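Undergrad: Sequence and predicted structure, then a few things I'm wondering about:
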Amino acid sequence: MVLDFDVFHNDFKIFLDEKKYNPGQEAYIDVEATSDSYVAFHAIDQSVLLVNDSWNDLTKANVVKEFDSFGDNEFDPFHSMGLFMQTTSKQDSGTAKLTRYGLGFQNAKEILHIRTIFPETWLWQNLSMEGKTDVSFSAQVPDTMTSWLVTGFALSPTTGLGLIHEPITFKVEKTFYIVAHLPYSIKRGEVTVIQVMIYNFIGNTLITDVRLYNKNDEIEFVDQSSSDTMRRTKAVIMPGNSGRQVSFLVKAKKIGEIAVKIEAVNNLKQDSVEHILRVEPESYLSSKNEQRYIEHNAHKSTQAN
């Protein structure tokens, strides 16, 4: 008699040292699985799921459902007798390069961290447990102000597949920060609006200077309010727990990728972001080939545009 249980014998778990992180902060991650497991996991920006909620990820529920849809196969007689079939070919599981980082206290004075890393997915990691049931490592969290979902799986030749019960959630946040709204691309020489949102969740009203930098002399400021060609500064009053929008008019001077650096500073907090903006030529020549088969008939007329 064979009894089937909806239980994964590989007890796979992921732990994070915090629920909230600052941009660029080190996250310390602990992984538990059977000692001969191969482990893989990743994180996804939760805001991406607002656009497309069909996140096809591994969960215990959909794996069990998928198994239930399979019929018997040639290995089932062996499995029912308690035998395990394994290939004799050489398997290379890979080696993990893990580095432990020491925990320490950060300086109480806030250091300006220029945020430049804004991926939609993060933490693509795979490793072998190498005889251990617990492995720890660290990774730098991205700079996007968002919530992240971490999930993954473990695979062992002795205990099989292991999945976490549900994705682990953590946030990257600050009490004062910038969000830059940039177009995907612009044309050289055209007037472009750089829109910046500044958010203040401190609770106090702050007079903030918002600066747009001409980092590598790649842009031209349209407004002539200042003779400084390397940056523009606008002052904005920021009430507590609110957001304000600031706009800059610029023209791109070169083709390719240019750096857009924005900074917001007041007497309490500061934030800075740097994005890459794509610049295309003023006129872009595109060509298209189209094939048509025309059968000549004396009784019909054919017109092609």
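TA: Thanks, I have the structure now.
Undergrad: other SSEs contacting the host helix or strand of residue 28?
TA: Here residue 28 sits within strand 26-32, counting by DSSP states H and E. Counting contacts by 3 or more CB pairs under 8 Å, 6 or more residues apart in numbering; DSSP states H and E, strand 26-32 is packed against strand 13-16, strand 134-140. In this view, the C-beta of every residue, glycine as well, is placed from N, C-alpha and C.
Undergrad: mean confidence score for it?
TA: In this model, strand 26-32 carries a mean pLDDT of 96.
Undergrad: Can you give me the neighbour number for residue 147?
TA: Neighbour count for residue 147, taken as other CB atoms under 10 Å: 15.
Undergrad: So for residue 76, what's the pLDDT?
TA: 55.
Undergrad: swap that for residue 183, please
TA: Predicted confidence (pLDDT) for residue 183: 93.
Undergrad: try the one 10 residues further on
TA: Here, the pLDDT recorded for residue 193 equals 96.
Undergrad: After the host helix or strand of it, which helix or strand is next?
TA: Here residue 193 is covered by strand 191-200, with elements defined by DSSP H and E. For strand 191-200, the following helix or strand on the C-terminal side (DSSP H and E) is strand 206-213.
Undergrad: could you give the angle of that next one to strand 191-200?
TA: For strand 206-213 against strand 191-200, the angle by axes from the mean of the first three to the mean of the last three CA atoms, to 10 degrees is 150 degrees.
Undergrad: and the next helix or strand after strand 206-213, how far from the chain's centre?
TA: Sequence order places strand 219-221 as the next helix or strand after strand 206-213, per DSSP H and E. With CA atoms, centre = their mean, to the nearest Å as the basis, strand 219-221 stands 30 Å off its chain's centre.
Undergrad: Show me what strand 219-221 is in contact with.
TA: With contact meaning CB atoms under 8 Å, 6 or more residues apart in numbering, strand 219-221 is reached by 212, 214, 229, 232, 248-253, 258, 260.
Undergrad: So which other helices or strands are in contact with the helix or strand residue 261 falls within?
TA: Element membership of residue 261 [criterion: DSSP H and E] is strand 256-265. On a contact count with 3+ CB pairs under 8 Å, 6+ apart, strand 256-265 meets strand 176-181, strand 191-200, strand 206-213, strand 270-280.
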